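Visitor: let's see this in three dimensions:
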Amino acid sequence: MKKKISFLFVLLAGLSCNSLNASLLKVVVTNHEASNELKLMVEQKSVAIPLDASGVGQLDLSAYPAAYASLFYGPFAPKDLWIDPSKDLTVEFDAKTWKNQILFKEDNAPINNYLNSGKLSAIQIDDTKYDEMAFIEKSDSLFEANKNVLLAAELPADFMEKELKRLIYFSYTAFPYFEKFHIRITKDTAFVASNVYWDKLKDLTVLDNPQLLDYKEYKSFIVSSVNELAQHTDKNEGNRSLTDMRLDYVTKNIQCAPVADYLVYEFLYYTLMRGGVTALSQQNLDVFHRVVTTPARLDKFNALYEQFNKIAVGKVSPALEAIDRNGKNVTLADYAGKYVYIDIWATWCGPCRKEAPFLQKLEEKYAGKDICFLSVSCDQNKKAWENAVKNRAQESIQLYIGNDNSFMKDYVINGIPRFILLDKEGKILNSDMTRPSEQTTTETLDKLLN
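Guide: Numbers count the residues shown, from 1 in each chain. Got it, this is the predicted structure:
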């Protein structure tokens with residue numbers, strides 16, 4: 001009886017151990033730099049993979065489906081991966097040669113070697129310089145060549161079936177931009193793409209298969225494709241906003257709820273990000289709340305809308321705490337009673353430096369008027385800022401916020417230079433004001449001050 005029990009115990013223990021042997025993604029980084037983070041992006045979620053002092057890290061794949069993923073290391077461009085919860089994958093690379101060389105081992109190596117072989121090619125924006133038929137033929141030939149690379153790799157049939165669908169949207173990446181960029185590159189402003197091109201673009205733009213949303217290449221393609229098709233369709237419909245054109249195309253042409261959900265979210269989130277709450281009409285919002293039902297998208301959109309609503313025209317400006325060139329602490333209250341034109345800049349920002357002479361001209365033009373100009377640096381390197389402002393006129397107001405990015409977060413600043421205009425009470429007149437170099441800036445300030 002004891003022997004039977006002990007045998008059963010050993011058997012169960014063995015089964016238990018096997019169940020714990022989940023497939024792993026193991027990453028080995030030679031010359032790892034502690035400042036570089038390793039992350040896996042899968043199913044639109046970012047998963048951190050901690051690396052030890054020797055540059056080794058691992059991730060249990062049992063919680064993830066078989067799927068395309070992206071591996072990020074530090075500031076470098078990501079690598080494409082295929083992960084599978086039933087297969088191990090080891091990724092090895094030298095931090096100094098990440099861009100050029102990466103080694104895959106274990107069960108899932110063949111697929112990842114294929115994805116990172118460098119043998120796949122996509123049509124590029126620069127190819128739009130060709131005439132229409134040459135552009136279409138090159139796009140088609142690249143797709144055929146990519147299919148041949150896939151067939152030659154002799155990979156598992158289930159992966160090849162998925163990959164063939166992905167290759168369509170990978171190969172034709174820049175196809176939707178042909179007319180727009182052909183005009184821009186060739187300077188042929190009279191050029192109009194024929195129905196041959198537009199019909200092919202429509203054929204490529206499959207809008208009734210929600211399973212294609214699993215591919216990031218497909219999602220990127222349909223956003224650009226529907227954008228161009230909407231404008232092409234709307235040419236004779238009058239002068240409407242791009243947002244209205246896009247939404248109208250979606251509501252008239254897409255019956256597949258998940259695809260419509262994705263596109264409406266993408267278009268309106270982008271519009272909100274670019275123009276704030278005033279860029280969206282009530283009709284736009286009605287379409288959004290009727291079509292978009294994905295909880296994560298609703299939450300993200302509503303959070304951004306609320307953030308922008310806080311910096312709408314007429315709202316009191318978020319607080320600004322900074323130091324001036326003499327080390328004195330200042331806030332917006334120090335400039336109460338005057339209009340305030342704020343320039344968010346950094347020493348490393350080329351476009352910011354180009355605006356500096358124009359800002360100085362504004363300061364000279366409106367000297368003695370009820371307006372002050374605040375140059376607010378977001379440099380992380382304080383010394384670089386200090387050296388830069390030594391060459392600025394002593395009268396100009398130079399402020400430094402350094403590592404405190406609360407003001408930039410409050411104003412949803414994702415790129416610089418950025419300009420903001422406040423009234424005499426510290427209320428927002430324009431949270432994304434025109435640049436000093438633009439004529440409309442002078443016109444706006446003249447109206448305020450006269």
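Visitor: Asp84 contacts Ala66, doesn't it?
Guide: Yes - checked against CB atoms under 8 Å, the pair Asp84 and Ala66 is within contact range at 4.4 Å. C-betas here are computed from N, CA, C, even on glycine.
Visitor: more crowded one of these two?
Guide: Here Asp84 and Ala66 are compared on neighbour count by other CB atoms under 10 Å; more neighbours surround Asp84, at 20 against 15.
Visitor: dump the residue contacts of the more buried one.
Guide: Ser23, Leu61, Ala66, Asp107, Asn108 (CB atoms under 8 Å, 6 or more residues apart in numbering).
Visitor: over to Val27?
Guide: Val27 neighbours (CB under 8 Å, 6+ apart): Leu38, Ile49, Leu51, Val56, Gly57, Gln58, Leu71, Thr90, Val91, Glu92.
Visitor: and the gap between the fourth one and Leu24?
Guide: When distance is defined by CB to CB, to the nearest Å, Val56 is 12 Å away from Leu24.
Visitor: how about the second one?
Guide: When CB to CB is the yardstick, Ile49 and Leu24 sit 11 Å from each other.
Visitor: anything in contact with each of these two?
Guide: Joint contacts of Ile49 and Leu24 (CB under 8 Å, 6+ apart) are Gln58, Leu59.
Visitor: Asn148: which element?
Guide: helix 132-153 (DSSP states H and E).
Visitor: counting by contacts, list what that helix packs against.
Guide: helix 109-115, helix 157-171, helix 178-186, helix 195-204 (3 or more CB pairs under 8 Å, 6 or more residues apart in numbering; DSSP states H and E).
Visitor: Ser377 is in contact with Ile342, correct?
Guide: No - in this structure Ile342 lies outside contact range of Ser377 using CB under 8 Å: 11.6 Å.
Visitor: for Asn227, which non-adjacent residue is closest in space?
Guide: Arg246 (6.2 Å; CB to CB, 6 or more residues apart in numbering).
Visitor: avg pLDDT for the helix or strand harbouring the one you found?
Guide: Per DSSP H and E, Arg246 falls inside helix 242-253. Helix 242-253 shows a mean pLDDT of 94.
Visitor: just stretch 153-161 next, same as before
Guide: For stretch 153-161, the per-residue pLDDT averages 95.
Visitor: which residues touch it?
Guide: If you take CB under 8 Å, 6+ apart as the criterion, stretch 153-161 is touched by Trp82, Pro110, Ile111, Tyr114, Leu150, Leu151, Glu163.
Visitor: stretch 319-329 too?
Guide: With CB under 8 Å, 6+ apart, stretch 319-329 has contacts from 330-332, 342, 376, 386, 389, 397-401, 404, 406-407, 410.
Visitor: let me know the helix or strand that Tyr68 is in.
Guide: Going by DSSP H and E, Tyr68 is in strand 67-73.
Visitor: hmm, who's touching the next helix or strand after that strand?
Guide: Reading on from strand 67-73 to the C-terminus, the next helix or strand found by DSSP H and E is strand 79-83. By CB under 8 Å, 6+ apart, the list of residues contacting strand 79-83 from outside reads 25, 40, 42, 61, 64, 66-71, 89, 91, 102, 108, 111-112, 115-116, 159.
Visitor: list the buried residues in strand 79-83.
Guide: For strand 79-83, burial by neighbour count (16 or more other CB atoms under 10 Å) applies to Lys79, Asp80, Leu81, Trp82, Ile83.
Visitor: closest to Ala193 among those?
Guide: Among the buried residues of strand 79-83, Asp80 lies closest to Ala193 (CB to CB), at 31.1 Å.
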